[in-house]
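**Q** Structure of the sequence below:
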Amino acid sequence: MGIDFIEKAAPTFKKSWDRARVTLGTADLFTLSPDRTVRIAAAHVIGDAELRKGDQLTVEILDGAMIARRGNRNVARFSNPPPVLVQAVRASSGIAKGTVEQVHNVANVAEISLC
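**A** The predicted structure follows:
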């Protein structure tokens, strides 16, 4: 019962793994597919702040306005954020993680997504 057993049993193990993979990949009534909606809004860059694509920011609600911050400095202000975005930030204790998706230097506007 050595190498010959392993050689004989190996094909059956592979078959059972393939069957299990097919079972996992088959949708049924109880399969939940996660939905991920990216929430992006435009924000006006404040002052001489420099934003680049991929920058990680903190988005907060201060005095009824949504502000993007880097450290302790305000770098962008959302002029008219969608209500869904405001609710998402409020639901996460008034603070959320944001990522700069695109920067429009001529317009001094950055597109920021919330995670």
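**Q** Spell out which helix or strand contains Val89, please.
**A** helix 83-91 (DSSP states H and E).
**Q** Need the contact partners of that helix.
**A** Contact with helix 83-91 is made by Arg39, Ala41, Val59, Glu60, Ile61, Met66, Phe78, Ile95, Ala96, Leu114, as judged by Cβ atoms under 8 Å, 6 or more residues apart in numbering. The C-beta positions use only the backbone N, C-alpha and C, and glycine is treated the same way.
**Q** Next, the second one: phi, psi?
**A** By that I understand Ala41. Taking degrees, to the nearest 10, you get phi -140, psi 150 for the backbone angles of Ala41.
**Q** so it bridges to which residues?
**A** Legend: beta-bridge partners of Ala41 under DSSP bridges are Ile112.
**Q** Just give me the neighbour total for it.
**A** 22 (other Cβ atoms under 10 Å).
**Q** Turn the contacts of helix 83-91 into a markdown table, columns for pLDDT.
**A** Below are the contacts of helix 83-91 laid out as a markdown table (pLDDT from 0 to 100):
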| residue | pLDDT |
| --- | --- |
| Arg39 | 82 |
| Ala41 | 92 |
| Val59 | 95 |
| Glu60 | 94 |
| Ile61 | 91 |
| Met66 | 94 |
| Phe78 | 95 |
| Ile95 | 92 |
| Ala96 | 92 |
| Leu114 | 89 |
